[in-house]
Each structure stands twice: as C-alpha cells, then as structure tokens.
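Asks: what's the 3D shape of this:
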Amino acid sequence: MSREKKEDGYKTLTAAIAADRIENLYIFHGEERYLLERSLAQLRQRLCPEGLDSFNYKRFEGKDVTLGVLGGAIEALPVFADRSLVEIHDFDIFKSEEKPRLADMFADLPDYICVVFVYDTVTYKPDGRKKLDSGLLKHAKVVEFSIQTRDKLVKWIKRHFEDAGKRIGTSDAEYLALMTGGLMTTLHNEIEKAAAFAKDETVTRSDIDAVVIPTVDTASYKLSDALLRHDYTGALRVLEDLFHMREAPHKLIFSISLKMRQLLAARVCIENNLDKTALMEICGMPPKYEFQARALIATARKTTLTQCLDAALACSETAYALNTGSDPEARIVELITKLAFADGARA
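Replies: Purely as a prediction, here's the structure:
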C-alpha cells in the first residue's frame, strides 16, 4: 500500500474512507475536535459496521498502553470482517521509551489492521531533528484538524442554520464565528441555542448576543469594541461576564492586553496604508484567523494612533500592578475606566 508523508486534510481523508482506501496507520491531532470526531465516526462505520462492541474494534487510553497490549491488539485477526480498527487516545509516541520497537511495529503492520493515534489532551509535537521521530512518521498518515477558513466556516454555519429552519447573513455568521473562536464543536451548540432563541426566520446579531457565550479572547474583543464606541456601560457589562467566567485575573489582563496590542498594530497598518494581510503577518495570525483580522481593521478605523498607544500602555501598567499584589478585580475595573477614552465616553 502506497504511503505519503502527510495527509492533506479532512476532505481528502473523507474521500479515502468513502473509496475504501483506508491506510494502516493514522495520527489525528488539531484544534478542530468536531472534524476529528467526525472522521473517527466515519472510520468506525466503515470498518466496524456491526458496532463498537464487536471483536474488530478496540480502544485504549494512553495510560493503559504498553507495547504488549498494542501488539496483541494489532496481531488479533478480524472476525467475520476484512479489517479491524484500533484507537489509541493520548499516547505520545514521541515520548515513549519504546520508540525503536514502535518504529519496527509501524513498518510491519498487517493489511487487515487500521491503527489510529488520537492526540487530544496530549500535545502533538514531533522533533524533526530526531531520526526516530522521523522514522515513526514515515509510515503514518498525519491528519491535522485545524480551524476552518472563513469561507468554509461561513458556509458551514449557514448550512447548519438552514437545517434548523433558520437563515443567517454572512456578516452575522462571521460575527458568530468570531464570538466562539471559530471552533465547530463550540459553534454546533451555539447554533442550536441561537436558532431556538430567534423569533424570526433570520437570526440576527442581537439574537447571537442574547444567548451565545463568547470565549475569553472574543469577550475581550467585544470589550474593546464597546470602549471604542464610547459605550462604557456596555464595556462594564462585558467585564462582568468575564468575571463570571471565573478566569484568572492575569489571564484576563493578558487577553485584554493582547487585543489592545493587536488593535495598535491594526491602527499602524491603517496609518501606513497596509491591509489585513500585513496585520496578520505582524501579529503572527495564521490564515484561519482572517475574519478576526478584518474585524480588527474595522475597529481600528474608529480610533486614533495615540489612543491605541495609550491603551496598550495602560494594559502594561495594570499587568505590572497585578504582579505587585494589588486587588485584581479593582485593578481591572480601573483599567476599563482608563480605556474608556475621555473624549466622549458616556456612562
């Protein structure tokens, strides 16, 4: 069976499963758990149609895996089927003391087996400088399930709202993706909530704001946007939501500071006639965050370079104060007061 060094994504994997071109060894990792779980379900359905309690399906957690256990599962012949499926969750092959034996095992997998290593709580981090790590990957199809691009995500969101009997506009679909961090697993739940809440056929931004819980990072974006709209009351409301999330104060300051630094970078780009592509390069934002970069540019147009500089400096001062033992919540409220730009902020 021919092998490539890397799998080029969910779409190719889905096509391979549908065409019954399933490989012997896969490594699944990445942020987008929705697509990862969907791919596992497709593999199970194809290889174990009789169900997961059959002789041909075995699942192990990393803490329970030994080479003997794994070898026994691989050597077991399928029962009344052509192939069997073995899943190993959160076992880091790159930190195993048995890497040489694992490499030998991977090189000689029988045709009737499909082995899938799933990285979830364990970080997928091979060392390309190590010959053994490269040897382990040589025989595997590596599939990274990453956050989808803006266009794919918007289409997916619209399709799921249609399945729920609702419609949503492109800009509001982008806003929903922004508020949830763009992860399909989170979006799936929030789409159900927004669709059930919306009274009209079309879901609006107000429907989203009413029921969708933003991530800490995106709540910080909403906070900065409220400040730039001179909506001090709205900013404090978002801050209250952030406190209710029970995130550590230092994490809140980091998130708010990051957003203000990104906003400063966006304003610098505007001052120099640069677009979102330049902003993404400056901030080290991968292509999947293109819709966030466009939102930052739009927000930065509402302020000035001086205001952005002052905001970034205020965040740094608050972070320093927190490190000296000041009352965390009081310091963060004081920061919001500073960020509520004096030229027209309304309480």
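
Asks: tell me what the helix or strand harbouring Y175 is packed against?
Replies: Counting by DSSP states H and E, the element that carries Y175 is helix 170-180. If you count contacts as 3 or more Cβ pairs under 8 Å, 6 or more residues apart in numbering; DSSP states H and E, helix 170-180 packs onto helix 150-163, helix 184-197, helix 205-211, helix 216-228, helix 290-300. Placement of C-beta: from N, CA and C, glycine included.

Asks: Would you check how far apart the residue nearest to E290 when sequence neighbours are not counted and D53 are?
Replies: In space, and not counting its chain neighbours, E290 is closest to R150: 5.1 Å by Cβ to Cβ, 6 or more residues apart in numbering. Per Cβ to Cβ, to the nearest Å, R150 is found 41 Å from D53.

Asks: Who has more neighbours out of these two?
Replies: Counting neighbours by other Cβ atoms under 10 Å for R150 and for D53 shows that R150 has the greater number, 21 against 7.

Asks: Which among the helices and strands packed on helix 170-180 is found nearest to L77?
Replies: Across those, the minimum distance to L77, taken as Cβ to Cβ, is reached by helix 184-197, at 35.8 Å.

Asks: Buried ones in the closest one, by neighbour count?
Replies: If you call a residue buried by 16 or more other Cβ atoms under 10 Å, then helix 184-197 has these buried ones: M184, T186, L187, E190, I191, A194, A195.

Asks: again with stretch 20-28
Replies: Under 16+ other Cβ under 10 Å, the buried positions of stretch 20-28 are I22, E23, N24, L25, Y26, I27, F28.

Asks: SS state for the fifth one?
Replies: Three states are possible here, and by DSSP: H, G, I helix; E, B strand; the rest coil the one that applies to Y26 is strand.

Asks: Could you report the distance from L153 to L183?
Replies: 10 Å.

Asks: Could you do K63 as well?
Replies: Here the criterion is Cβ to Cβ. By it, K63 lies 26 Å from L183.

Asks: Give me the more crowded residue out of the two.
Replies: The neighbour comparison of K63 against L183 (other Cβ under 10 Å) goes to L183, with 18 against 8.

Asks: Might you report the residue contacts of that one?
Replies: Contacts were defined as Cβ atoms under 8 Å, 6 or more residues apart in numbering; by that measure L183 touches E31, E32, R33, Y34, I147.

Asks: Among these, which one sits closest to T303?
Replies: Proximity to T303 was ranked across these by Cβ to Cβ; first place goes to I147, at 27.8 Å.

Asks: Would you mind checking the average pLDDT for the helix or strand hosting L40?
Replies: In this structure, L40 sits in helix 33-47 according to DSSP H and E. Rounded to a whole number, the mean pLDDT of helix 33-47 is 94.

Asks: Mind listing residues that contact that helix?
Replies: By Cβ under 8 Å, 6+ apart, the residues outside helix 33-47 that reach it are 10, 13-14, 17, 20, 22, 28-30, 52, 56-57, 81, 83-85, 87, 114, 116, 118, 120, 143, 145, 183-185, 187-188.
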